[in-house]
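Student: Sequence and predicted structure below; questions after.
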Amino acid sequence: MEVVPLVALVAVSAAVAGIARRTPVPAPLLLVAAGLLAAYLPGVPEYALDPHIVLPLVLPPLLYTAAVDSSYLDLRANIRPVALLSVGYVLFATLAVGYAAYLVVPGLPLTAALVLGAVIAPPDAVAATAIARRLGLPPRITTILQGESLVNDATAITAYKVALAAVVGEGAGWAGGIAEFLLASVGGVGVGLLLMVPIHWLRTHLREPLLQNTLSLLIPFVAYAAAERVHASGVLAVVVVALYLGHRNWQVDFATRLQEEAVWRMIAFVLESVVFMLIGLQLPVVLEGLGEYEGVHAAWYAVAVFLAVVAARFVWVFPATFLPRLSARVRAREPETNWKAPVIVGWAGMRGVVSLAIAFSIPMTLEGGEAGEPFPARNLILFLTFTTVIGTLVVQGLTLPPLIRMLRLPPRDVQAETLAEAQAQNAASAAAEARLEELLEDRRNALPAPLADRLRTVMERRRNSVWERLGAVNEETGESADDTYRRLSREMISAEREVFVALRDERRIDDEMLRTLLRRLDLEEAAAFRESAD
């Protein structure tokens, strides 16, 4: 792709995503709609979605950021529902949707229909995470959806490879399919387990934040490429490494964590925005090759496949939720649930760019060469994948928020979460206070009384800031005491900043000194306002 169209794509995607933040419409939906409109605007170039770029270069960093921000402990506590969705449901959807397409589309071979089923089986990691985060779903439902979306791509890609081999006549039957699935899954996890400890060791022993963050940028690509090199699942390798690093992120230097968070937030924002815009921009590419399937028949096939995708998820989710609860061990280990949770999980099955990337990777011919027999119904599979992705994003994405409001799911208990945070901070502050007094007893750590008192004051403010969120607020401003503290601190820092700039303009200090002084103020402002960003 040329530089100018690529820059334009990134710029427009970021602008649309920024606009979406000011509207009640989730960003993925607005980006897809903008892509659909832009696809037919004069002068807009054709943006072909290249699977050789999306799968190895776009998917790993998106999976990495989602997995690093996930909770290993929460995922482990919900391993049963996550596994049933990420593995069981994907395989079931491959068979159910594939067979439904085989029945609906005349002349479609069953093997090609199963390729379609595998392509559109996995819900999208980016869409699930973005919409769940925006809607503020209960923590357990959010964990299950995020956990499913982290692993299901590996299952779908493996199922796709098995179905594709059957189409081209290279399938080895059920035994070969199971063997390939085990190689991909066990191999992917194994590669992740081999890489995670040395990568973490390297992260903790590099002392330069720039080097540590350069390593951080390389990690998802290294893990993905290493696993794919041995024909294992690159997706699982990335997820395993990211979960381990996220769980032990506290052992990394604070400067690295601050810089890394900012870098990955920007990367995730840009990639997510571009990905959803690209989905909409694929419309002309998909329609060009539709050929004999154009018209009412193609529309009917699209509706039928969309309904099959939605129905298959509910058919799987409800039994997978309630049948295991017949076991006393499951009931004792997992919290109570009702019909509302599986309704939300069932309706939250939006598809995304991974499905499209896999569909575009289907070979043009059975032998992969120009002289070979054309791949059966390849253009129709592309079309049905596109319509299913758009349908789930638009129909389910737009109706999910009102559905959640209508079901009146219990919201997050903010008061209880704040109380737990305050208790944790109180315990930490007590430990810090004891450690400070222990250090000050050593003559080598002697400090002037004002500086020692300043350490105690900072520690006390950390202790009180969370408790104040539980207490009364200022009747005139609606602020807690800690809110007022942060606001006044910002005003003071702004006054200092203006003086430094004025001194630079008067040539009393140079630009290098100005940057040093401003960075010091920036760090103080970040420290004062760190709680408000949570």
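Tutor: Looks like it arrived, so ask away. Computed from a predicted structure; not experimentally measured.

Student: following the lowest-mean-pLDDT helix or strand in the chain, which helix or strand comes up?
Tutor: Sorted by mean pLDDT, DSSP states H and E, the helices and strands of the chain end with helix 125-135, the least confident at a mean of 65. Downstream of helix 125-135, the first helix or strand assigned by DSSP states H and E is helix 139-167.

Student: Just the buried residues of that next one, please?
Tutor: 140-167 (16 or more other CB atoms under 10 Å). For glycine as for every other residue, the C-beta is placed from the backbone atoms N, C-alpha and C.

Student: Kindly report the same for stretch 98-107.
Tutor: Buried-residue list, stretch 98-107, by 16+ other CB under 10 Å: 98-102, 104-105.

Student: what does the helix or strand harbouring Leu523 rub up against?
Tutor: Assigned by DSSP H and E, Leu523 belongs to helix 511-528. Identification of contacts with helix 511-528 by CB atoms under 8 Å, 6 or more residues apart in numbering yields 258, 485-486, 489-490, 493, 496-497, 500-501, 503-504, 509.

Student: what about burial for the residues you listed, which qualify?
Tutor: Using 16+ other CB under 10 Å as the threshold, 485-486, 493, 497, 500, 504, 509 are the buried ones among the contacts of helix 511-528.

Student: between those residues, which is nearest Ser71?
Tutor: Arg486 (27.8 Å; CB to CB).

Student: do you know how far the one residue sitting closest to the centre of the chain is from Glu260?
Tutor: Central residue check for the chain by CA atoms, centre = their mean: the C-alpha nearest the mean position is that of Ala66, 3.6 Å away. The gap separating Ala66 from Glu260 is 15 Å, by CB to CB, to the nearest Å.

Student: One more: Leu103?
Tutor: From Leu103 over to Glu260 (counting by CB to CB), the distance is 50 Å.

Student: just Phe269 next, same as before
Tutor: 15 Å.

Student: go on, Asp50?
Tutor: 29 Å.

Student: do Thr337 as well
Tutor: 36 Å.

Student: And these two? Which one has more around it.
Tutor: Glu260 (21 against 14; other CB atoms under 10 Å).

Student: Now the one helix or strand the more buried one maps to: average pLDDT?
Tutor: Assigned by DSSP H and E, Glu260 falls within helix 254-281. For helix 254-281, mean pLDDT is 89.

Student: buried sites along it?
Tutor: Neighbour counts using 16+ other CB under 10 Å place 256, 259-260, 264, 268-269, 271-281 of helix 254-281 among the buried residues.

Student: what does stretch 438-450 give?
Tutor: Buried residues in stretch 438-450 (16+ other CB under 10 Å): none.

Student: and what of stretch 60-70?
Tutor: 60-70.

Student: what residues are up against Ala17?
Tutor: 27, 30-31, 269, 272-273.

Student: swap the cut-off to 7 Å and go again
Tutor: 27, 31, 269, 273 (CB atoms under 7 Å, 6 or more residues apart in numbering).

Student: Name the helix or strand for it, please.
Tutor: helix 3-20.

Student: moving C-terminal of that helix, what's the next helix or strand?
Tutor: Trace forward from helix 3-20 with DSSP H and E and the next one is helix 27-38.

Student: What is the helix or strand just after that next one packed up against?
Tutor: Later in the chain than helix 27-38, the nearest helix or strand by DSSP H and E is helix 51-53. When contacts are defined as 3 or more CB pairs under 7 Å, 6 or more residues apart in numbering; DSSP states H and E, helix 51-53 sits against helix 353-360.

Student: Work out the gap between the next helix or strand after the helix it packs on and the centre of the chain.
Tutor: Remark: after helix 353-360, the chain's next helix or strand is helix 378-391, criterion DSSP H and E. What separates the centre of helix 378-391 from the centre of its chain is 23 Å, taken as CA atoms, centre = their mean, to the nearest Å.

Student: Now do helix 378-391: which elements does it pack against?
Tutor: helix 110-119, helix 283-288, helix 296-322, helix 353-360.

Student: what angle sits between the biggest helix by length in the chain and helix 254-281?
Tutor: Ranked by residue count under DSSP state H, the longest helix found in the chain is helix 173-205. Per axes from the mean of the first three to the mean of the last three CA atoms, to 10 degrees, the angle that helix 173-205 makes with helix 254-281 is 140 degrees.

Student: relative orientation of helix 173-205 and helix 139-167 in degrees?
Tutor: 130 degrees.

Student: buried stuff in helix 173-205?
Tutor: 177, 180-181, 184-185, 187-192, 194-196, 199-200, 203.

Student: what's the next secondary structure element after that helix?
Tutor: Helix 173-205 is succeeded, C-terminally, by helix 209-229 (DSSP H and E).

Student: quick one: that next one to chain centroid distance?
Tutor: The mean C-alpha position of helix 209-229 is separated from the chain mean by 17 Å, CA atoms, centre = their mean.

Student: Take it, keep the C-alpha atoms, and write them as PDB.
Tutor: Extracted C-alpha coordinates of helix 209-229, given in PDB (Å, rounded to 0.1, in the frame of the first residue of the first chain):
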ATOM      1  CA  PRO A 209      13.100   2.200  29.800                       C
ATOM      2  CA  LEU A 210      13.600   2.800  26.000                       C
ATOM      3  CA  LEU A 211      15.200  -0.600  25.600                       C
ATOM      4  CA  GLN A 212      12.500  -2.300  27.800                       C
ATOM      5  CA  ASN A 213       9.700  -0.700  25.700                       C
ATOM      6  CA  THR A 214      11.400  -1.700  22.500                       C
ATOM      7  CA  LEU A 215      11.400  -5.300  23.700                       C
ATOM      8  CA  SER A 216       7.800  -4.900  24.700                       C
ATOM      9  CA  LEU A 217       6.900  -3.900  21.100                       C
ATOM     10  CA  LEU A 218       8.700  -7.000  19.800                       C
ATOM     11  CA  ILE A 219       7.200  -9.500  22.200                       C
ATOM     12  CA  PRO A 220       3.900 -10.300  20.400                       C
ATOM     13  CA  PHE A 221       5.500 -10.600  17.000                       C
ATOM     14  CA  VAL A 222       8.300 -12.900  18.400                       C
ATOM     15  CA  ALA A 223       5.900 -15.100  20.200                       C
ATOM     16  CA  TYR A 224       3.500 -15.400  17.200                       C
ATOM     17  CA  ALA A 225       6.300 -16.000  14.700                       C
ATOM     18  CA  ALA A 226       8.100 -18.600  16.900                       C
ATOM     19  CA  ALA A 227       4.900 -20.600  17.300                       C
ATOM     20  CA  GLU A 228       3.900 -20.500  13.600                       C
ATOM     21  CA  ARG A 229       7.400 -21.500  12.700                       C
END
